[in-house]
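[1] Okay, here's the prediction I keep looking at, along with the sequence it came from:
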2 protein chains.
Amino acid sequence: MNRLLLEAFPDIKVSVEPEDLLCYGFDASGLEASPSAVVWPKDTGDVVKIMKYAYENNIPVIPRGAGTGMTGGAVPSKGAIILSLEKMNRILEIDSENLNVLCEPGVINGRFQRELERLGLFYPPDPASMNFCTIGGNVAENAGGPRALKYGVTRDYVMGLEAVLPDGNIIHTGVRTTKGVVGYDLTRLLVGSEGTLAVITKIRLRVLPLPEDVITLLVLFKNLEASGHAVSKIIASRIIPRTLEFLDSEAMMAVENFKPIGLPKDIEALLLIELDGHPSAITKEAEKISEICRSLDAEVSMAEDEAAREKLWECRRAVSPALYRLKPTKINEDIVVPRNKIPEMLKRLRRLSEESRIKIVNFGHAGDGNIHVNIMVDREDKEEYEKGIKLVGQIFKDTLELGGTISGEHGIGLTKAGYIGMELSKPEIEIMKSVKKIFDPKNILNPEKIFP
Amino acid sequence: MNRLLLEAFPDIKVSVEPEDLLCYGFDASGLEASPSAVVWPKDTGDVVKIMKYAYENNIPVIPRGAGTGMTGGAVPSKGAIILSLEKMNRILEIDSENLNVLCEPGVINGRFQRELERLGLFYPPDPASMNFCTIGGNVAENAGGPRALKYGVTRDYVMGLEAVLPDGNIIHTGVRTTKGVVGYDLTRLLVGSEGTLAVITKIRLRVLPLPEDVITLLVLFKNLEASGHAVSKIIASRIIPRTLEFLDSEAMMAVENFKPIGLPKDIEALLLIELDGHPSAITKEAEKISEICRSLDAEVSMAEDEAAREKLWECRRAVSPALYRLKPTKINEDIVVPRNKIPEMLKRLRRLSEESRIKIVNFGHAGDGNIHVNIMVDREDKEEYEKGIKLVGQIFKDTLELGGTISGEHGIGLTKAGYIGMELSKPEIEIMKSVKKIFDPKNILNPEKIFP
């Protein structure tokens, strides 16, 4: 098949080199498998050619952005071609007057943000992997990020899509205006569909004017529960910060060992709070937040300038890689509970950790209830690994009991597929599987994902 | 069948009285037809019973909120039962800490707004019919309103739904948290599906803290095009007002005749601009907007208090009924164009009006490009009416040429079904029809709507 594939696309870059098959065989989930080939389309026309060929020959195709996904969504199934969208990385149109941008899926989120900022524009979704991950991957996974508290997730910014169906037909969904209600919402059906319904080839995103000013606060709590109360009190005082990030003491220690910034040792929780908007408005909000936190015996400091601010965020974004210093394997879940249930959920996680004697490190987006729960084990230690995996089921049970969801931003992919029956009922899953069949009757587009 | 129906539901209110069949046979589109019966379920259990009966007996069912829809979505097809959700009108839970509310579909939007405001909370979607229309209808149609410019549409506030499928099965979609990416997005598939996929029985809506302050500006332009430039300049200056409403001179005259507020006669366009947020921030924004508008030779005044503000909004909301003073029939379209194409679209509309000698009155949401185009005719004058209907096709053609959409908030229903092929391609429509079949294999739920 491989040679046939090379001959089928004389104008498209295709590789069957072992090093490419290795590099494109895994993502951030730690899972891996070998694809039969990797192809790099340059434009929609190339994607159409590849999908038509795959459709005729029943070859599975795995669309792939930067491979930063946490749940194995881009890990190939047997015999599959990896369709890497990294060369389709142009920003095609920046429409400042109507506040929207048309781009290809391979554009890196961080680059996109910076190009817009230079024009006084703002694209809020900011996953921790923003300097590597692609907008296409963000759309496929409905990526979130710290700023989701105030600004929502990727879904809230996608206005319309161009996508190639598994049979090679092109569809256009949505509109280039804020409003539009013609037919069913295929745009949001594709957002978060994890590359299982169509290959997204163009994306029109809503953007905002860049906020006038930003204030970043670092708040250190001696008591874990006090940090939860602070979050509730801030929101109850009618302030919606743009971020309300949380690190527990284990997460802080991991960062201190990785990128020291001099955090004291006797604190149980850290909040990284960011406000944006009109300078006088956010100054008042920052004062109010400081007052709330100090009344809960916390220490508050403000980033003096952009450099200090960036340093704090670098630390936040370093948490995930830093954890590998603790243990070689991290079983990484991204549960969400209603924000006022965070203290209860953290208490349950602590109990689970104590009972199982397995380290559980928690950090994440306290403002929207999205906790990144990291079960730290060693995959080589079979007994420990299995104990860790067993904890996942219990954590999901607790999450759902508290009114939450088993995934806030990572998606289902392969790693969570076995658990979706805990959250979704049979008729709901049946509807989703039927939707999959409409788009992909031959089941060639990212098969084996989402549904067990 | 009618008697059987009465016997089938001893505990549910059912009517086959001629006056009920008359009152529940039309909506704001002006279309009408007689249903075979009207039923008023009290809760989800009642809806399940009704749908199971209809499914077994192949009876079409038309879900109905308040009947304020503009495109005939609630007008019955032959032999259909009207399923009125008006008795399912309870607000079930207001979760201030997590900023969301659970309610039944029959809650009136205006009542919902007022109850929340008393608690310092805010639900932005505000269709002009807000004092009559229901939240369930808003969700089914993905209703917008003036505040969509800053705050988005109904879709952006729906977190999760309970819905009854045509076969009587209950599904739960979405989550009660900001984030959630488990499986395909069935929530947004149901939002805007115009009652064709499932009967929505519970709705969880995201709410916001009530903005601290509001400023309302009335701006009068001697020149129509200047008002378009003002809109562009305001957005370019990085201000996003919560509303930027537009009335042309015909619309103003209609209001003056209906509810006089003393508008001068020599103006060509009016903008109703509202800002909300921190007092010092919006005061500065209001100054900047006044400066922009005055530089375009406009007259700016500010509503002094809540009563003055409400008076202005009453006028805005009176436009639609006031138009009936001009002509007995209004063919009402709600096109959207990218906001910077509004002046061009208005120019084209004026030309069409002059050429056809048919009055076209325009008003709407200038900020998001959503223009309500009202072709004023007399249905009894067959020639004039047909000329009016012919204009619709041309207006849609112009709209799409300028990058717009044929419906911003009214949906497709019956009146626009013949036109969706102008905006959507065949494969797109085929996917939508297949989605309909998954949910409603017997085609009993609001049949004949959306698809021609």
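    Happy to help now that I have it.

[2] Can you give me the domain assignment for chain A?
    A:2-84, A:91-209, A:213-320, A:327-436 (automatic domain parsing).

[3] possible to save these as TSV with mean neighbour count and mean pLDDT?
    To be clear about C-beta, it is placed using only N, CA and C from the backbone, and glycine gets the same treatment. What follows is the domains of chain A, written out as TSV (neighbours: other C-beta atoms under 10 Å in any protein chain shown; pLDDT from 0 to 100):
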stretch	mean neighbour count	mean pLDDT
domain A:2-84	19	94
domain A:91-209	22	97
domain A:213-320	18	92
domain A:327-436	20	95
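
[4] Reformat the ones you listed as TSV; add distance to chain B.
    Putting these into TSV (distance: least, C-beta to the nearest C-beta, whole Å) gives the following:
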stretch	distance to chain B
domain A:2-84	10
domain A:91-209	4
domain A:213-320	3
domain A:327-436	4
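
[5] wait, which of those domains is closest to residue B:155?
    Residue B:155 sits nearest to domain A:91-209 of all the domains of chain A, at 7.3 Å, using C-beta to C-beta.

[6] what's the offset of the closest one from the middle of its chain?
    Between the centre of domain A:91-209 and the centre of its chain there are 13 Å (C-alpha atoms, centre = their mean, to the nearest Å).

[7] What segments of the stretch 351-452 of chain A are helices?
    Per DSSP state H, counting those that start in this stretch, the stretch 351-452 of chain A has helices spanning A:382-401, A:420-423, A:426-439. These are given in chain order.

[8] cool, the stretch 101-250 of chain A as well?
    Defined through DSSP H, counting those that start in this stretch, the helices belonging to the stretch 101-250 of chain A, from first to last, are A:109-118, A:135-141, A:148-151, A:186-190, A:224-236, A:249-258.

[9] elements contacting the first one?
    For helix A:109-118, the packing partners by 3 or more C-beta pairs under 8 Å, 6 or more residues apart in numbering or on different chains; DSSP states H and E come out as strand A:91-95, strand A:100-103, helix A:135-141.

[10] what about 7 Å?
    Helices and strands in packing contact with helix A:109-118 are listed as helix A:135-141; criterion 3 or more C-beta pairs under 7 Å, 6 or more residues apart in numbering or on different chains; DSSP states H and E.

[11] Put the alpha carbons of the helix it packs on into PDB.
    Written as PDB, here are the backbone C-alpha positions of helix A:135-141 (Å, rounded to 0.1, in the frame of the first residue of the first chain):
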ATOM      1  CA  ILE A 135      -5.900  26.400  15.900                       C
ATOM      2  CA  GLY A 136      -7.300  23.300  14.000                       C
ATOM      3  CA  GLY A 137      -6.500  21.100  16.900                       C
ATOM      4  CA  ASN A 138      -8.100  23.600  19.200                       C
ATOM      5  CA  VAL A 139     -11.300  23.500  17.100                       C
ATOM      6  CA  ALA A 140     -11.300  19.700  16.900                       C
ATOM      7  CA  GLU A 141     -11.000  19.400  20.700                       C
END
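
[12] Not counting its own residues, what contacts it?
    Here helix A:135-141 makes contact (C-beta atoms under 7 Å, 6 or more residues apart in numbering or on different chains) with A:65-66, A:68-69, A:73, A:85, A:103, A:105-107, A:109, A:112, A:125, A:127, A:154, A:158, A:191-195, A:200, A:203, A:411, B:181.

[13] If we use 8 Å, what do you get?
    With C-beta atoms under 8 Å, 6 or more residues apart in numbering or on different chains as the contact definition, helix A:135-141 has outside contacts at A:63-66, A:68-69, A:73-74, A:85, A:88, A:103-109, A:112, A:125, A:127, A:143, A:154, A:158, A:161, A:190-195, A:200, A:203, A:205, A:409-411, B:181.

[14] Strands - which of those residues land there?
    A:63, A:64, A:103, A:158, A:161, A:200, A:203, A:205 (DSSP state E).

[15] tell me the contacts of the first one?
    Neighbour list for residue A:63: A:74, A:83, A:85, A:136, A:140, A:195, A:199, A:200, A:445, A:446 [criterion: C-beta under 8 Å, 6+ apart].

[16] Apply 10 Å and report the result again.
    By C-beta atoms under 10 Å, 6 or more residues apart in numbering or on different chains, the contact set of residue A:63 is A:47, A:51, A:73-74, A:82-85, A:105, A:136-137, A:140, A:164, A:194-196, A:198-201, A:445-446.

[17] quick one: the nearest residue to it once chain neighbours are set aside from residue B:113, how far?
    If you skip the residues right next to it in sequence, residue A:63 has residue A:195 as its closest partner in space, 4.1 Å away by C-beta to C-beta, 6 or more residues apart in numbering or on different chains. Residue A:195 sits 40 Å away from residue B:113, going by C-beta to C-beta, to the nearest Å.

[18] do the same with residue A:185
    If you measure residue A:185 against residue B:113 using C-beta to C-beta, the figure is 25 Å.

[19] tell me the phi and psi of the closest residue to residue A:36 other than its chain neighbours?
    Counting by C-beta to C-beta, 6+ apart, the nearest residue to residue A:36 once its immediate chain neighbours are dropped is residue A:79, at 5.3 Å. Note on residue A:79: backbone dihedrals following degrees, to the nearest 10 are phi 80, psi 0.

[20] Hmm, residue A:21 and residue A:79 touching each other?
    No. The pair residue A:79 and residue A:21 does not pass the contact test of C-beta atoms under 10 Å, sitting 12.0 Å apart.

[21] Please enumerate the shared neighbours of those two.
    If you check residue A:79 and residue A:21 against C-beta under 10 Å, 6+ apart, the residues they both contact are A:34, A:35, A:36, A:37.

[22] Now flag whichever of those is closest to residue B:255.
    Nearest to residue B:255, judged by C-beta to C-beta, of these is residue A:35 at 64.5 Å.

[23] residues touching the closest one, list them.
    Taking C-beta under 10 Å, 6+ apart as the criterion, residue A:35 is in contact with A:15-16, A:20-22, A:24-25, A:60-62, A:64, A:75-83.

[24] In helices, which of those residues fall?
    The helices in this structure, assigned by DSSP state H, contain A:20, A:21, A:22 from these.

[25] re the thing from before, so which of the helices of the stretch 351-452 of chain A gets nearest residue B:434?
    Residue B:434 lies closest, by C-beta to C-beta, to one member of those: helix A:426-439, at 4.4 Å.

[26] For that closest one, output the C-alpha coordinates as PDB.
    Taking C-alpha atoms only, helix A:426-439 is exported to PDB below (Å, rounded to 0.1, in the frame of the first residue of the first chain):
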ATOM      1  CA  LYS A 426     -27.500   4.900  25.900                       C
ATOM      2  CA  PRO A 427     -29.900   6.900  23.700                       C
ATOM      3  CA  GLU A 428     -27.500   9.800  23.800                       C
ATOM      4  CA  ILE A 429     -24.500   7.700  22.700                       C
ATOM      5  CA  GLU A 430     -26.700   6.000  20.000                       C
ATOM      6  CA  ILE A 431     -27.600   9.400  18.600                       C
ATOM      7  CA  MET A 432     -23.900  10.400  18.500                       C
ATOM      8  CA  LYS A 433     -22.900   7.100  16.800                       C
ATOM      9  CA  SER A 434     -25.600   7.700  14.200                       C
ATOM     10  CA  VAL A 435     -24.300  11.200  13.600                       C
ATOM     11  CA  LYS A 436     -20.800   9.700  13.000                       C
ATOM     12  CA  LYS A 437     -22.300   7.300  10.500                       C
ATOM     13  CA  ILE A 438     -23.900  10.200   8.500                       C
ATOM     14  CA  PHE A 439     -20.600  11.900   8.100                       C
END
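
[27] right, and residue A:363 touches residue A:330 too?
    No. Contact criterion C-beta under 10 Å: residue A:363 and residue A:330 do not qualify, at 11.7 Å.
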